[in-house]
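test case, fold it:
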Amino acid sequence: MINSDIIRGHLESVILKLIIEQDRYGYEIANCISERTNFKFSIKEATLYSIVSRLEKRDLIESYIGEKTHGKKRRYYKITSLGNAYYYEKKQEWLLLKSILGTLLEE
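As a prediction, this is how the structure comes out:
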């Protein structure tokens, strides 16, 4: 497992990336994160919903109620044009950080 402090600053970007791929509901987002990291990182439910709420308040994502499945309706999240632009800005920051850290930490 990775120390959550290391990834915490990038969770908004991770969540936006998953929602850009397709509209998703909360549990699905959490599962994607766990699966894509080969279960080396998992996001806590409270953290996930706190970030999703913040993204929605900033108009980076929107939510809607999807079709009823397995007895209940799910709240899905979709990206907005503002969210798309914000994601690409954050991705560029990440690429720069990755380059800088690679230069500083590699021999």
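
what about the lengthiest helix in the chain, average pLDDT?
Once the chain is assigned using DSSP state H, the helix that runs over the most residues is helix 81-105. Taken as a whole, helix 81-105 carries a mean pLDDT of 96.

who are the packing partners of it?
With contacts defined as 3 or more C-beta pairs under 8 Å, 6 or more residues apart in numbering; DSSP states H and E, helix 81-105 has these neighbours: helix 11-21. Quick note: C-beta positions are derived from backbone N, CA and C, even for glycine.

centre of the chain to the helix it packs on, how far?
Helix 11-21 sits 3 Å away from the centroid of its parent chain (C-alpha atoms, centre = their mean, to the nearest Å).

start at 56, not 1
In the new count, where the first residue is 56, that last one comes out as helix 66-76.

what's in contact with that helix?
Outside of helix 66-76, the residues within contact range by C-beta atoms under 8 Å, 6 or more residues apart in numbering are 62, 79, 84, 87-88, 98, 102-103, 106-107, 109-110, 115-116, 132-134, 138-139, 141-142, 145-146, 149.

now which of those would you call buried?
Applying 16 or more other C-beta atoms under 10 Å to those, the neighbour count classes 79, 84, 87-88, 98, 103, 106-107, 110, 115-116, 132, 134, 138, 141-142, 145 as buried.

among these, which lie within strands?
When DSSP state E is applied, the buried ones among the contacts of helix 66-76 are split such that 79, 116, 132, 134 fall in strands.

having no further points to raise, I will conclude here.
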